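Chemist: Sharing a sequence plus its predicted fold:
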Amino acid sequence: MKQLGLGPNLSTVRTRKRESLDEMKRVVPWTALMWVVEPVYYRAKPRQLPFGIETMLRIHCLQQWFALS
């Protein structure tokens, strides 16, 4: 018996979460948004590791769309 892997994509079931994230990928022009935000994005100090621009944009959009704090 072989182990398939440890990644999150082991399931082939289409959940509502996965469908909404796939639709978000299709609808939102992420590269254009990242291009606009990049000049003013926080520059970390040498020992700090900030989150990526794309990750923060996705989190912000989800918070706005679903009225999360």
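Modeler: Here it is on my side, so go on. Worth saying up front: this structure is predicted, and the values here are computed from it rather than measured.

Chemist: what's around the residue lying closest to residue 38 once chain neighbours are set aside, how many residues?
Modeler: Distances taken as C-beta to C-beta, 6 or more residues apart in numbering place residue 53 nearest to residue 38, at 6.1 Å, with adjacent residues excluded. Where you see a C-beta, it was placed from the backbone N, CA and C, and this is true even at glycine. By the criterion of other C-beta atoms under 10 Å, residue 53 has 16 neighbours.

Chemist: just residue 28 next, same as before
Modeler: 13.

Chemist: Per-residue pLDDT of it, please?
Modeler: We have a pLDDT of 89 for residue 28.

Chemist: ok, now residue 69?
Modeler: Confidence score, pLDDT, at residue 69: 72.

Chemist: tally of neighbours for it?
Modeler: By other C-beta under 10 Å, the residues close to residue 69 number 3.

Chemist: how close does the residue lying closest to it once chain neighbours are set aside get to residue 20?
Modeler: Using C-beta to C-beta, 6+ apart and skipping the chain neighbours, the partner closest in space to residue 69 is residue 63 (7.4 Å). Residue 63 is 14 Å from residue 20, where distance means C-beta to C-beta, to the nearest Å.
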